[in-house]
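Engineer: Return atomic coordinates for the entry below.
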Amino acid sequence: MNKILICLFILGWCIACKPKKPDSTKAYFSIVDYLKVEVKNMDTLPLHFTKMTTIGTTSDTTEITKEEFHKYAKEFCDLPDIAASDKKDDYSETNDFEESLNNVLLIYTAKKEDDIVRNETIMMPPDESGNTHVQTILVHTENSTEDSTVEKEMTWHIQKRFQIVTKISKPNQPEKIATVAISWE
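Structural biologist: Predicted coordinates for the structure are as follows:
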C-alpha cells in the first residue's frame, strides 16, 4: 500500500512540476513582422525622408538618407516580438471597438513589470465592407537599470511616418525628453 501511495505522490509531483507549454491557440499580431514587411516595401519606392528632432525646446528638421531611415526604423523592427511562442503567455490581449476613434483596437499588455515591451496597441479602422486594416501602431517600452529608467513611446502611422519619444529619468535629475519623427513622401 505504501509503495502505491509513494508512486502516486511521485507521479503527481512530476505532473505538477512539468513546465508549462505556451498556448498554441493564441494568435497575437506581430508588429515586428508587419513593420519589417513595411520597411522592405519602402525600399522598393523612390521616397524622400525627413527627420525632425526635438530635444527640450530645440527642434531641427533635415532630410535624411534611406540608410539613416533604416537606423531609426530598426528601433521598431528590433523590439521583442510578443507574438513569438515563448512570449505569448507573458501578455494579455484585449480587443475592442472604440466608437469615438472608429477603430478596432488590439491591445497587448505585459503581465510582468520587468518586460521591456509594456504595451502594444494596433489601431485598425473598418472600411465600407467592415474589413479592417492596420493604420497605427503604438508601443510603450520601459527599461530600468540601477541608475536610470528609459521609457519610449513609439508610434508608427502606416505608409506615412513614425515617431519615437524617449524619456530618460535619473534620480535627483530632471527628466530628459527627446523626440525623433521620421516622415516620407
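
Engineer: how many other residues sit next to the closest residue to I137 other than its chain neighbours?
Structural biologist: In space, and not counting its chain neighbours, I137 is closest to W156: 4.5 Å by CB to CB, 6 or more residues apart in numbering. Heads up, the C-betas are built off the backbone N, CA and C, glycines and all. Residues lying near W156 (other CB atoms under 10 Å) number 24.

Engineer: Can you give me every residue that contacts T50?
Structural biologist: By CB atoms under 8 Å, 6 or more residues apart in numbering, T50 lies in contact with T61, T62, E63, I64, I182, S183, W184.

Engineer: Next, count neighbours for N103.
Structural biologist: Neighbour count for N103, taken as other CB under 10 Å: 19.

Engineer: Can you list the strands that the helix or strand hosting K51 pairs with?
Structural biologist: Using DSSP states H and E, K51 sits in strand 49-55. Its sheet considered, strand 49-55 pairs with strand 58-64 (antiparallel), strand 176-184 (antiparallel) by DSSP bridges.

Engineer: Check the spacing between Q135 and S129 real quick.
Structural biologist: From Q135 over to S129 the distance is 16 Å, taken as CB to CB, to the nearest Å.

Engineer: okay, the two: which has more neighbours?
Structural biologist: Q135 (17 against 6).

Engineer: Heading C-terminal from the host helix or strand of the residue nearest to I137, find the next helix or strand.
Structural biologist: Assigned by DSSP H and E, W156 belongs to strand 149-157. Next helix or strand after strand 149-157 toward the C-terminus (DSSP H and E): strand 161-169.

Engineer: how many neighbours does the residue nearest to Y28 when sequence neighbours are not counted have?
Structural biologist: Sequence neighbours aside, A83 is the residue nearest to Y28 in space, at 3.9 Å (criterion: CB to CB, 6+ apart). Residues lying near A83 (other CB under 10 Å) number 19.

Engineer: what residues are up against A83?
Structural biologist: Contact analysis of A83 by CB under 8 Å, 6+ apart lists Y28, F29, S30, I31, V32, D33.

Engineer: how much space between the second one and Q173?
Structural biologist: Using CB to CB, one gets 37 Å for the distance from F29 to Q173.

Engineer: Counting neighbours, go ahead and name the busier of the two.
Structural biologist: Each of F29 and Q173 has its neighbours counted (other CB under 10 Å); F29 has more, 18 against 10.

Engineer: my guess is that one contacts L105, does it?
Structural biologist: No - counting by CB atoms under 8 Å, L105 is not a contact partner of F29; they are 11.2 Å apart.

Engineer: which residues are common contacts for those two?
Structural biologist: The contact lists of F29 and L105 share I122, where a contact means CB under 8 Å, 6+ apart.

Engineer: now, of the strands paired with strand 49-55, which is deepest in the fold?
Structural biologist: When you average the neighbours per residue for each of these (mean count of other CB atoms under 10 Å), strand 176-184 leads with a mean of 16.
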